[in-house]
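Fold the following and give me the result.
(one chain, ligands or ions: 2)
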Amino acid sequence: MVVMSKPAMEHHCAATTLFPEIPLIDLSKPDSKNLIVKACEEFGFFKLINHGVPTEFITRLESEAIKFFSLPLSEKEKAGPVDPFGYGNKKIGSNGDVGWVEYILLTTSNEANYQKFSAIFGEAAEKFRYAINQSQTKTLHILYLFDFRCVFCSFAVNDYVSAVKKMAYEILEMLADGLKIQPRNVFSKLLMDEESDSAFRLNHYPPCPELNQETNGMNLIGFGEHTDPQIISVLRSNNISGLQISLKDGNWISIPPDQNSFFINVGDSLQVMTNGRFNSVRHRVMANGSKSRLSMIYFGGPPLSEKIAPLPSLMKGEDSLYKEFTWYEYKKSAYKSRLADNRLGVFEKIVAS
Ligand SMILES: O=C(O)CCC(=O)C(=O)O
Ligand SMILES: [Fe+2]
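Ligands and ions are numbered 1, 2, ... in the order given. Below you'll find the predicted structure:
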């Protein structure tokens, strides 16, 4: 069930190798736009401070998530399986990938979440929806008999996701400005679209006590290496390490955690829209021997019918590196692949030599 991997580079040769600094972007500074472009080109990844997401939204959702993941497995499984949304444990996708992780995957469309919730909890869901609608105070109705609803329908998710979405729009607009392309909502409009196919994920990596004794210095995979298929991912985790990114030369580096910052990933779709100028970053998570890691990720995706293709304004006479496809086609193909596969491979054009 467990998947082992070689330690990241820093574990055995930190003394002799210089590691690049992960770009740090201050969202409150308007001139950050050029630095964001540079970060997306060089790494496809950066750390974000002064992001404007209220701490209270983050801590409230985190405590809801902790409560949910602390429930007995049988309770949590009432919210599974992931088809395509719900609770999952160890299995990631349906093609044999496993990791030391449990998670909740949600669409950011409230109505779709409600329907899933309703199918699980039936009449109780309707009552709970009524209670939420009636609530003037925005206080969370915590009725732990049906815990999943607390994460599914709660204000904690809505407030957090709304704030993070706003921040993602801003980043994408700064990117358009930094790239000097018009209109400045060329990327953000895809996430703002009512039909935007975005998702939200809460990952919990339980401590794995055997890790320290039995694995002989090897690491245990929490979430296997992959790139995110969407346009942009916004990640926040608690202060426990585990996230690693792959540099373009294939070396892995560990990202020091910071619970007060966000980490931004370029996804495959943004790599394609920039004709490969931006890098969809390969990343993975290592499990921890003694501490729980909790992460929350918003994946900003386009509408299913959207054509994903390089923007003509960025092409400057060069050829597209990719065949044309819709987000729906990409998703369908990605679902059939393994996590570590180069999912864009089948959509790359063969360049005649
Ligand atoms: O949990 C994390 O920190 C990252 C997980 C991840 O890459 C994902 O869910 O796509
Ligand atoms: Fe990811």
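
With residue 170 as the reference, measure out to the closest residue to residue 28 other than its chain neighbours.
Distances taken as C-beta to C-beta, 6 or more residues apart in numbering put residue 50 closest to residue 28, at 3.9 Å, once the chain neighbours are dropped. Where C-beta positions appear, they are placed from N, C-alpha and C, glycine not excepted. In this structure, residue 50 lies at 11 Å from residue 170, with C-beta to C-beta, to the nearest Å as the measure.

Check residue 39 too.
15 Å.

just checking, the residue nearest to residue 28 touches residue 30?
No: Residue 50 is beyond contact range of residue 30, at 11.8 Å (criterion: C-beta atoms under 8 Å).

With neighbour numbers in mind, choose between those two.
In terms of neighbours (other C-beta atoms under 10 Å), residue 50 is the more surrounded of residue 50 and residue 30; the figures are 11 against 8.

Pull up the residues of this structure that are close to ligand 1.
Taking C-beta under 6 Å from any ligand atom as the measure of proximity, the chain contacts ligand 1 at 201, 203, 223, 228, 235, 237, 243, 283, 285, 295, 297.

Which of those fall in strands?
Secondary structure from DSSP state E places 201, 203, 223, 235, 237, 243, 283, 285, 295, 297 of the residues of the chain next to ligand 1 in strands.

what's the fifth one in contact with, if anything?
Residues near residue 237 by C-beta atoms under 8 Å, 6 or more residues apart in numbering: 243, 257, 259, 263, 293-296.

List the beta-bridge partners for it.
Bridge pairing for residue 237 (DSSP bridges) gives the partners residue 295.

One more: the second one?
Listed by DSSP bridges, the beta-bridge partners for residue 203 are residue 103, residue 295.

Who are the contact partners of it?
Shown here is residue 203, whose contacts under the criterion C-beta under 8 Å, 6+ apart are 101-103, 222-223, 285, 293-297.

The third one now?
Residue 223 makes contact with 92, 99, 101, 203, 205, 284-285, according to C-beta under 8 Å, 6+ apart.

so can I have JSON lines of those showing distance to residue 322 and pLDDT?
What follows is the contacts of residue 223, written out as JSON lines (distance: C-beta to C-beta, whole Å; pLDDT from 0 to 100):
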{"residue": "92", "distance to residue 322": "26", "pLDDT": "94"}
{"residue": "99", "distance to residue 322": "29", "pLDDT": "96"}
{"residue": "101", "distance to residue 322": "31", "pLDDT": "97"}
{"residue": "203", "distance to residue 322": "29", "pLDDT": "98"}
{"residue": "205", "distance to residue 322": "33", "pLDDT": "97"}
{"residue": "284", "distance to residue 322": "24", "pLDDT": "97"}
{"residue": "285", "distance to residue 322": "28", "pLDDT": "97"}
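
Return the member of those residues nearest to residue 55.
Distance to residue 55 across these (C-beta to C-beta) is lowest for residue 203, with 20.3 Å.

Tell me how far residue 64 lies from residue 161.
Going from residue 64 to residue 161 by C-beta to C-beta gives 13 Å.

Only the buried residues of stretch 87-107, if you could.
Buried residues in stretch 87-107, counted by 16 or more other C-beta atoms under 10 Å: 87-89, 91-93, 97-107.
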